[in-house]
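> please work out how this folds:
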Amino acid sequence: MTQTYKSTSQELEALISPAFFKALSDPNRVTLLAELCERGEPSTVSEAAGCCAVDLSVVSRHLATLRDAGLVVADKRGREVFYRVDYPGLSKTLRSIADAIDACCPEEASA
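So this is what the prediction gives:
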């Protein structure tokens, strides 16, 4: 039984990526992610920036952080970069984290 707990807790630890949670820890990045979700189509930095009261260069860095964490995908088209939410990847990551928590954490502990 102890071995099962250890392996599932190790699985959970492997799934909880610091980059993933760092990307979600900034309110501007969360707002940008929500904006891209709402738009439902690839958007340039300037299009996505309409939701935030920060410079384009800051928006670009925030989008790069989201990209590096695997939350958004960047597609270069000519001179512009279009960002879109990686819905399948984001859903899979969140589902895997939830499943690992369910597997490693006894239900009584949450009560």
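> per-residue confidence averaged over the helix or strand Q10 falls within?
Per DSSP states H and E, Q10 falls inside helix 2-15. Mean per-residue pLDDT for helix 2-15: 61.
> let me see the mean pLDDT of the following helix or strand past that helix.
Next in sequence after helix 2-15, counting helices and strands by DSSP H and E, comes helix 18-24. The average pLDDT within helix 18-24 is 89.
> can I get helix 18-24 in CSV, CA atoms only?
Extracted C-alpha coordinates of helix 18-24, given in CSV (Å, rounded to 0.1, in the frame of the first residue of the first chain):
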residue,chain,number,x,y,z
PRO,A,18,6.4,24.8,-11.8
ALA,A,19,6.3,26.5,-15.3
PHE,A,20,2.6,25.6,-15.6
PHE,A,21,1.7,27.1,-12.3
LYS,A,22,4.0,30.1,-12.7
ALA,A,23,2.2,30.9,-16.0
LEU,A,24,-1.1,30.8,-14.2
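> buried sites along that helix?
F20, A23 (16 or more other C-beta atoms under 10 Å). Any C-beta I mention is one placed from the backbone N, CA and C, and that applies to glycine too.
> isn't D75 right up against R67?
No: D75 is beyond contact range of R67, at 10.5 Å (criterion: C-beta atoms under 8 Å).
> give the residues shared as contacts by these two.
Y83 (C-beta atoms under 8 Å, 6 or more residues apart in numbering).
> neighbour count winner among those two?
R67 (16 against 10; other C-beta atoms under 10 Å).
> which residues does the more buried one contact?
R67 neighbours (C-beta under 8 Å, 6+ apart): V73, A74, Y83.
> after the host helix or strand of the second one, next one along is what?
Taking DSSP H and E as the criterion, A74 maps to strand 72-77. Stepping forward along the backbone from strand 72-77, the first helix or strand reached (DSSP H and E) is strand 80-85.
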